[in-house]
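Peer 1: please find the sequence and the predicted model below.
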Amino acid sequence: MAEEILMPRLSDTMTEGVIATWHKKVGDTIKKGDLLADIETDKATMELESYQDGVLLHIGTPQGGKLQVNDLLAVLGKKGEDVSAIVGKHKTGGSPAPAASATPAAAPSAAPAKEEKKTAPAAAPAAPGKDFSQMEEVVLMPRLSDTMTEGVIAAWHKKVGDMVKKGEVLADIETDKATMELESYKDGKLLYQGAKEGEKILVNQLLCIIGQDGVNVDEIVAGLKAGGAPNTSGAAAAPAPADQQKAESGTQVQQAATQPSAAPAVVNEGRIFASPLAKKMASEKGIDLKYIAGTGDNGRITRSDIENYKPAAAQPAAASSARPDAGAAFEEVPVSQMRKTIARRLGESQFSAPHFYLTMRINMDAAVAARTRLNDNAKTKISFNDIVLKAVAAALKQHPKVNSSWLGDKIRVNHQVHIGVAVAVEDGLLVPVVRFADTKTMSEIAREVKDFAQRAKDKKLQPADWEGSTFTISNLGMFGIDEFTAIINPPDACILAVGGISQEPVVKDGQVVPGHIMKVTMSCDHRVVDGATGAAFLQTLKGMLEEPLRMLL
């Protein structure tokens, strides 16, 4: 049966999208994961992948056209299939749910399934060859960011049996970069959840089933499981992965076989839910939250749980691990979603992009003096990083080849300057993007970077905040690092590693005098940028930082 693809909500504020590019045309065969189109939202241009196989039978608007969220974007189905009813329904303002004719068609298959279940409970689904992933009731884990491969269920806002309306929040999904709210795109009853809170689901695996009473949930789950696609780690599947789930639970301390048997009981495994105040109090008191039973909603740990916790039972085990004869203790920390993505993307970048490095010493005397004057009466204090970012933006306008992206079969020379700023967070690294940086004042840049840094630490950044960079800056100078090299953030062609400013002897007018020196190292993708091109850019950057007034030209 033909399947509708509606315009997705690709950012928290998106109400409509513009088709920047169609990567497929009507009649093309589509495979799950193929790039369908580039969608321009209110904040960024994002790639939209297909979540199913089929033939592209209809597109809702040509390239450059605009669609509201939940408008008909495309229709996939079998070659030659008539989709006029689906298209006509949307043109007349019908419900975006699949055509009503799908309901009678689904009913006959439900009855035989029940009949077969009586005679052979463990049998395969009644309809061999049926594509359960394309059923109206099936909700698969969406791809909520450009780098997401799996998501963790941070919280369910609905439980099995609850009625769900279009637009209501179903769950909080923790991706590699942020925790995001997932809204329902359909009405119905929540009949099944594909994972419990704290468990992970791969993109395109079974997230939940939403439909009406009478839907054969067991058949759908069994059919999807037989196809090997979705994660069916619900209640029926829980016993099988128990050992693996335990191994992937929160931080575990493993000790030698001589460990004393008296130890506190672990009451929380996997993701632990606790109020911010409870987490702070536990950290200050040195209490491990996995030993505390929460009394709040859904087992959430509260302030009173921390205050009432009696850690006496934990002391013998902790003391014994410190004895020399108890064997060396070690800590194993599960790899977070963010860390997995950092490892994968930067590994791909390091080993696929031919990096070369250019290092330059820059005299920051004039920049130091300019910053002092700028901050005398400024409402927003300017940092050296803000000055470097502004200078980089101005230099990129003069060297567009450095402001380019490697796209495999082509090089995109970007005319707009969007600079990613690497921000260290607890779980790794995020790179929010200062857009149109060349058009902004230093005060505007300073305010934006401070806001990004705070929201990154609070895990409140959205995909639109970190997508679409054309160049990246990584600054470790504030940590006392003099010089380092950075790995390119794909698809950017370059990244600038900025060290600290130190006083060193310099020669000025034939005299050796103290000077403020900063070292920068630019990592370049040799597929895009040649040595001379990179060197020319650094010369321009050096000139602007050594004479800050040149940024105004």
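Peer 2: Everything's here; your move. Predicted model, so just to flag it, every value in this text is computed and none were measured.
Peer 1: how about the helices of the stretch 401-550 of the chain, start to end?
Peer 2: Taking DSSP state H, counting those that start in this stretch as the criterion, the stretch 401-550 of the chain carries its helices at 442-457, 463-466, 531-546.
Peer 1: which of those helices is buried the deepest?
Peer 2: Highest mean neighbour count among these (mean count of other Cβ atoms under 10 Å): helix 463-466, with a mean of 23. To be clear about C-beta, it is placed using only N, CA and C from the backbone, and glycine gets the same treatment.
Peer 1: may I have the phi/psi pair for the closest residue to residue 54 other than its chain neighbours?
Peer 2: Take residue 54 and drop its neighbours on the chain: the residue closest to it by Cβ to Cβ, 6 or more residues apart in numbering is residue 76, 3.5 Å away. For residue 76, the backbone dihedrals are phi -110, psi 150 (criterion: degrees, to the nearest 10).
Peer 1: cool, and the one 5 residues further on?
Peer 2: The phi and psi torsions at residue 81 (degrees, to the nearest 10) take the values phi -70, psi 140.
Peer 1: and it, what pLDDT?
Peer 2: As predicted, residue 81 sits at a pLDDT of 88.
Peer 1: contacts only, for the nearest residue to it once chain neighbours are set aside.
Peer 2: Counting by Cβ to Cβ, 6+ apart, residue 81 lies nearest to residue 2, which is 5.3 Å off, once chain neighbours are set aside. Contacts of residue 2 were listed using Cβ atoms under 8 Å, 6 or more residues apart in numbering, and they are 57, 75-78, 81, 83, 86.
Peer 1: most widely separated two among the residues you listed?
Peer 2: Of all pairs drawn from the contacts of residue 2, the greatest distance, 13.3 Å, lies between 78 and 86 (Cβ to Cβ).
Peer 1: and these two? Which one has more around it.
Peer 2: Under the criterion of other Cβ atoms under 10 Å, the comparison of residue 78 against residue 86 puts residue 86 first, with 23 against 10.
Peer 1: quick check: the more buried one vs residue 35, distance?
Peer 2: Here residue 86 is placed at a distance of 23 Å from residue 35 (Cβ to Cβ, to the nearest Å).
Peer 1: got it, and residue 432?
Peer 2: In this view, residue 432 and residue 35 are 24 Å apart by Cβ to Cβ.
Peer 1: among these two, which residue is more densely surrounded?
Peer 2: For the pair residue 432 and residue 35, the greater number of neighbours falls to residue 432 (25 against 14), based on other Cβ under 10 Å.
Peer 1: distance of the more buried one from residue 77?
Peer 2: From residue 432 over to residue 77 the distance is 40 Å, taken as Cβ to Cβ.
Peer 1: correct me, but residue 302 touches residue 293?
Peer 2: No - in this structure residue 302 lies outside contact range of residue 293 using Cβ atoms under 8 Å: 11.0 Å.
Peer 1: can I get the contacts of residue 2 in a markdown table including distance to residue 449 and secondary structure?
Peer 2: Listed next are the contacts of residue 2 as a markdown table, based on distance: Cβ to Cβ, whole Å; DSSP: H, G, I helix; E, B strand; the rest coil:
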| residue | distance to residue 449 | secondary structure |
| --- | --- | --- |
| 57 | 46 | strand |
| 75 | 44 | strand |
| 76 | 42 | strand |
| 77 | 48 | strand |
| 78 | 51 | coil |
| 81 | 51 | coil |
| 83 | 48 | coil |
| 86 | 47 | helix |
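Peer 1: give me the buried entries from the residues you listed.
Peer 2: 57, 75-77, 83, 86 (16 or more other Cβ atoms under 10 Å).
Peer 1: could these go into a markdown table alongside distance to residue 404?
Peer 2: Compiled in a markdown table, the buried ones among the contacts of residue 2 are given as follows (distance: Cβ to Cβ, whole Å):
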| residue | distance to residue 404 |
| --- | --- |
| 57 | 37 |
| 75 | 36 |
| 76 | 34 |
| 77 | 39 |
| 83 | 40 |
| 86 | 41 |
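Peer 1: for residue 180, state which of the contacts of residue 2 is nearest.
Peer 2: Taking Cβ to Cβ as the measure, residue 180 sits nearest to residue 76 out of the contacts of residue 2, at 25.5 Å.
Peer 1: next, the contact list for the closest one, please.
Peer 2: Neighbour list for residue 76: 2-3, 5, 30, 50, 52-57 [criterion: Cβ under 8 Å, 6+ apart].
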